[in-house]
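>>> Pasted the sequence and its predicted model underneath.
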Amino acid sequence: MSKDVIIACDFPTAEQTLAFLDRFTGEKPFVKIGMELFYAAGPDIVRQIKARGHRIFLDLKLHDIPNTVKKAMAVLSGLDVDICNLHAAGGLDMMRAALEGLTRPDGTRPLLIAVTQLTSIDQRRMEQELLIPRPLEDVVMQYAANARAAGLDGVVCSPLEAGRVHERCGADFLTVTPGIRFAEGASGDQQRVTTPARAREIGSDYIVVGRPITGAQDPAAAYRRCAADFTGR
């Protein structure tokens, strides 16, 4: 599979998002639409960006009882996005229900991936705040294995964990990894981070990059640098 960079379009309005994408001439980067933008602009922003020719990762991280998630995924399947996600912490029944809801009558569906542990969570937070006493990496691996057992296509994990996920779940099991920063960049509110080049070496299939690109003076140049570092081309 081809490695790719997904730009996190975490903007508060549709206008700002479209103006940002206008800065890419001759390129149609893969984009992530998260909760901030989706809640502000609604499903129309998905349709607008899709109509421009972009692939879309709809990052809403569903987490509810199985029936509710199934019905929500059935609605999202009509938006023609490329990737959807949910929280693996919802359990096997929820993930299986989500997959059923996301699958259209003709058998097609977007890719479905599960969030393991957020990159803002470290070992201390997991133990002291979430009362999960196991090593963080073991929890990520178990969540990934559950997602695989439920029939999902991959997981969202830290790039630091991508290689072990592939060892546990197979080379064809997608690893989509946020927590990417250039070597000279600040980590911000994320704890488990690395550079695009290191993410490639460890085994990430897709990297999700927000502020290093969206906050750059020249976002298109920052995107090209990130893509070159990640793909090695």
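Right, received. Where do you want to start? Everything numeric here is computed off the predicted structure, so don't read it as measured data.
>>> For residue 41, give me its contacts.
Residues in contact with residue 41, defined by Cβ atoms under 8 Å, 6 or more residues apart in numbering, are 13-14, 17. Every C-beta, even on glycine, is put in place using the N, C-alpha and C of the backbone.
>>> For residue 24, see how far away it is.
Plainly put, residue 41 is 19 Å away from residue 24 if you go by Cβ to Cβ, to the nearest Å.
>>> can you check residue 163 too?
Counting by Cβ to Cβ - residue 163 and residue 24 are separated by 31 Å.
>>> can you check residue 90 too?
For residue 90, the distance to residue 24 - Cβ to Cβ - is 35 Å.
>>> Repeat that for residue 56.
Going from residue 56 to residue 24 by Cβ to Cβ gives 15 Å.
>>> So for those two, which sits in the more crowded spot?
Neighbours were counted for residue 56 and for residue 24 using other Cβ atoms under 10 Å; residue 56 has more, 23 against 17.
>>> quick one: the more buried one and residue 31 touch, right?
Yes - shown here, residue 56 and residue 31 form a contact pair, counting by Cβ atoms under 8 Å, at 5.9 Å.
>>> the helices in this protein, which residues?
14-21, 35-41, 43-51, 66-76, 92-102, 123-128, 136-149, 162-169, 196-202, 211-214, 219-231 (DSSP state H).
>>> what comes up buried for the third one?
Meaning helix 43-51. Of all the residues in helix 43-51, those buried under the rule 16 or more other Cβ atoms under 10 Å are 45-46, 49-50.
>>> low pLDDT regions in this protein?
Scanning the chain for pLDDT under 70 picks out 1, 185-192, 233.
>>> again, only this time at 80
Filtered on pLDDT under 80, the chain yields the residue ranges 1-2, 119, 183-193, 232-233.
>>> Could you find the closest non-adjacent residue to residue 53?
Leaving aside its sequence neighbours, residue 53 sits nearest to residue 28 (Cβ to Cβ, 6 or more residues apart in numbering; 4.7 Å).
>>> For that neighbour, the count of nearby residues, please.
A count of neighbours around residue 28, defined by other Cβ under 10 Å, yields 12.
>>> residues contacting it?
Applying Cβ under 8 Å, 6+ apart, the residues contacting residue 28 are 52-55.
>>> Buried members of those residues into ChimeraX, please.
In ChimeraX syntax, the buried subset of the contacts of residue 28 is picked out as below (16+ other Cβ under 10 Å):
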select :54,55
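>>> Make CSV from the contacts of residue 28 and add distance to residue 198 to it.
Formatted as CSV, those follow (distance: Cβ to Cβ, whole Å):
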residue, distance to residue 198
52, 31
53, 30
54, 26
55, 24
